[in-house]
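J.: dropping a prediction and its sequence here:
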Amino acid sequence: MDFKITGLGACREVGRSSFLVDAGDKILLDRGVKLTPEKIEYPLAVNTNLDAAIISHAHLDHSGDLPHLFVKSRPVCYMTPPTLDLAELLWHDSLKIAGIEGYDAKFSRAEIRRTRKFTFPLGYRTRIDITDKVSLEFFDAGHIVGSAITKLTFNNTSLVYTGDFKVVETRLLNKADIKLGHVDYVITESTYGDSDHPDRYKVEKEFVDACLRTVENNGFAIVPAFAVGRSHELIDILIEHKVGCPIYLDGMSQKAANITLKYPKYLKDAKTLKKALRKARWIRSDRDRKRALEEPAIIVTTAGMCDGGPVLNYIKRLYNDEKSAIFLTGYQVEGTQGRRLLEEGLITIDGKEYRPKCTIKKFDFSAHPGQSEMLKALRKWNPKRVFLVHGDPPKITTFKKKIEEELGIEATIMEFGKTFRVGEK
Ligand SMILES: [Zn+2]
Ligand SMILES: [Zn+2]
């Protein structure tokens with residue numbers, strides 16, 4: 001049977017993921033925003049009555065605009081229980097940031113409440129009918145706690161949306177569950193469509209060594225990290241490597257940690273994580289923050305792309321200290337402060353530009369699959385056609401070519417605002 005897919009965002013870019021599937025019933029896949037220091041970019045409006053909205057995982061580039069839909073409509077939403085709790089934390093935080101920065105938020109607390117009320121939390125590997133025509137099943141995506149690969153089935157046709165996924169296991173999470181049964185069509189992320197990641201355990205070792213060297217040299221290792229997932233993984237790595245110096249955890253990652261620990265079944269090793277988080281020192285006030293800078297230490301803090309949060313505080317105080325270091329640990333989206341810091345060595349804090357003298361280095365701790373990981377998954381699924389989203393050019397074009405040449409599968413780059421008709425006529 002034929003159906004239609006429309007790209008509302010994350011087309012030839014990373015951010016604001018949102019895709020509309022029209023299989024007679026209308027299903028929205030993700031509703032994210034794209035955050036840069038100057039502005040928030042939104043996906044295209046949904047100009048139809050939705051039968052359901054599905055959120056793959058809590059990251060704001062997949063969930064950030066969902067409450068906005070509840071200003072005018074009441075779609076039934078589906079996501080895993082951890083995704084709902086983590087997304088709610090991030091939605092409230094984005095309202096707080098809007099208040100601080102003085103721009104109008106697109107939704108209020110009332111819409112967040114309504115979103116929760118209209119959400120049906122669904123675990124992995126449980127197939128349910130979400131409309132008369134369409135059924136839904138989630139599979140573990142291995143990207144962050146609660147992240148899901150979405151499989152929709154309608155009229156004997158199955159469409160898989162990978163969301164963000166990770167085909168190899170990481171310290172906190174199992175690898176993605178890619179045993180999806182029969183698959184006809186795939187919408188896949190393409191973040192690292194042109195390259196592979198270095199061996200994770202090697203990166204961990206390099207990261208720990210760099211932190212230790214910095215501290216032994218009487219400096220501070222400032223580690224900007226995403227609140228959800230990465231910051232907890234880093235604490236776990238540092239504790240597992242028996243790092244002796246003080247390790248601090250600052251920012252929203254603390255609340256996210258409490259939510260994460262509520263869902264041990266969604267983690268590979270909840271006990272170890274709990275132990276590690278307990279050993280870290282949690283910063284709860286400005287006084288703690290000052291105290292953290294009294295003796296050399298490792299400070300894991302938000303925001304991961306340096307676009308706000310306590311990390312700016314630390315950079316402001318340490319930028320001139322050659323002994324200290326800023327260790328970036330995640331994907332730095334174009335236009336973010338983290339990207340600028342890496343590429344130009346510059347950062348703007350409170351309207352003032354700084355050129356840090358401390359060491360700046362990035363470690364490749366990706367929660368996304370590299371090219372061969374994605375090819376492995378696609379080879380297993382062997383779909384009739386693949387749609388590529390969530391990737392910057394030229395990476396996404398390289399990935400398209402690779403899929404077509406290596407797997408012989410038709411690969412289409414999803415275009416912003418464009419509708420593709422798929423399947424038999
Ligand atoms: Zn993500
Ligand atoms: Zn993403």
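T.: Perfect, thanks for sending it. Ligands and ions are numbered 1, 2, ... in the order given.
J.: any idea how far H182 lies from K151?
T.: Note on H182: its distance to K151, by C-beta to C-beta, to the nearest Å, is 10 Å. To be clear about C-beta, it is placed using only N, CA and C from the backbone, and glycine gets the same treatment.
J.: what touches both of the two?
T.: Here H182 and K151 share the contacting residues S158, scored by C-beta atoms under 8 Å, 6 or more residues apart in numbering.
J.: between the two, who's got more neighbours?
T.: K151 (21 against 12; other C-beta atoms under 10 Å).
J.: got the phi/psi numbers for the more buried one?
T.: Dihedral pair for K151: phi -120, psi 120, per degrees, to the nearest 10.
J.: how many neighbours does the closest residue to it other than its chain neighbours have?
T.: Closest residue to K151 apart from its sequence neighbours, by C-beta to C-beta, 6 or more residues apart in numbering: E137 at 4.7 Å. For E137, the neighbour count with other C-beta under 10 Å is 20.
J.: give me phi/psi at E137?
T.: With angles defined as degrees, to the nearest 10, E137 sits at phi -140, psi 130.
J.: which non-adjacent residue is nearest T83?
T.: G146 (4.2 Å).
J.: who's in contact with the one you found?
T.: Residues in contact with G146 (C-beta under 8 Å, 6+ apart) are H57, A58, M79, T80, P81, P82, T83, L86, Y263, Y266.
J.: tell me if I'm right that the second one and D93 touch.
T.: In this case it means A58. No. Using C-beta atoms under 8 Å, A58 is not in contact with D93, being 11.3 Å away.
J.: quick one, which of these two is more surrounded?
T.: Set A58 next to D93 and count neighbours by other C-beta under 10 Å: A58 wins out with 29 against 19.
J.: host element of that one?
T.: Here A58 sits in a region with no helix or strand, counting by DSSP states H and E.
J.: how near is it to V71?
T.: Distance of A58 to V71, computed by C-beta to C-beta: 21 Å.
J.: S195 reaches S372, doesn't it?
T.: No. Look at S195 against S372 with C-beta under 8 Å: they stay out of range, at 9.4 Å.
J.: against V386, how distant is R289?
T.: Distance of R289 to V386, given as C-beta to C-beta: 47 Å.
J.: what residues are up against D129?
T.: Taking C-beta under 8 Å, 6+ apart, we find D129 in contact with S135, L136.
J.: pLDDT score assigned to it?
T.: The pLDDT attached to D129 in the predicted structure is 98.
J.: ok, what's across the strand from it?
T.: Counting by DSSP bridges, D129 is bridged to S135.
J.: and S366, what pLDDT?
T.: Note on S366: pLDDT of 89.
J.: ugh, wrong one, I meant K425
T.: Predicted confidence (pLDDT) for K425: 56.
J.: and S285, by the same measure?
T.: For S285, the model assigns a pLDDT of 96.
J.: same question, E13
T.: E13 carries a pLDDT value of 95.
J.: by mean pLDDT, flag the weakest helix or strand of the chain.
T.: The helix or strand of the chain with the poorest confidence is strand 34-35; it has a mean of 90 (mean pLDDT, DSSP states H and E).
J.: mind listing what it pairs with, with the direction of each?
T.: Sheet pairing of strand 34-35 (DSSP bridges) gives strand 40-41 (antiparallel).
J.: averaged pLDDT, the strand it pairs with. What do you get?
T.: Across strand 40-41, the average pLDDT comes to 94.
J.: so which residues on the stretch 151-300 of the chain come close to ligand 2?
T.: Counting by C-beta under 5 Å from the ion, the positions of the stretch 151-300 of the chain adjacent to ligand 2 are D164.
J.: report the central residue of this protein.
T.: H59 (4.4 Å; C-alpha atoms, centre = their mean).
J.: residues in contact with that residue?
T.: Shown in contact with H59 (C-beta under 8 Å, 6+ apart): G32, L90, I144, D164, F226, V228.
J.: which one of these is nearest to ligand 2?
T.: The shortest gap between ligand 2 and any of the contacts of H59 belongs to D164, at 4.3 Å (C-beta to the ion).
J.: what about the closest residue to that closest one other than its chain neighbours, how many neighbours?
T.: Of all residues not flanking D164 in the chain, H143 sits nearest, at 4.4 Å (C-beta to C-beta, 6+ apart). By other C-beta under 10 Å, the residues close to H143 number 27.
J.: surely H143 touches T162?
T.: No. Using C-beta under 8 Å as the test, H143 is too far from T162 to be in contact (9.1 Å).
J.: so F399: helix, strand or coil?
T.: The three-state label given to F399 by DSSP: H, G, I helix; E, B strand; the rest coil is helix.
J.: what residues are up against it?
T.: Residues near F399 by C-beta under 8 Å, 6+ apart: S190, G193, D194, Q371, M374, L388, G391, A411.
J.: of the contacts of H59, buried ones?
T.: Listed as buried from the contacts of H59 are G32, L90, I144, D164, F226, V228; burial here means 16 or more other C-beta atoms under 10 Å.
J.: if I look at the last one, how far off is ligand 1?
T.: When distances are taken as C-beta to the ion, to the nearest Å, V228 and ligand 1 turn out to be 8 Å apart.
J.: so where is the protein shaky, pLDDT-wise?
T.: 424-425 (pLDDT under 70).
J.: what about the longest helix in it?
T.: Longest helix in the chain, counting residues (DSSP state H): helix 81-101.
J.: which neighbouring elements make contact with that helix?
T.: Packing contacts for helix 81-101, counted by 3 or more C-beta pairs under 8 Å, 6 or more residues apart in numbering; DSSP states H and E, involve helix 60-63, helix 66-69, helix 109-117, strand 119-121, helix 253-261.
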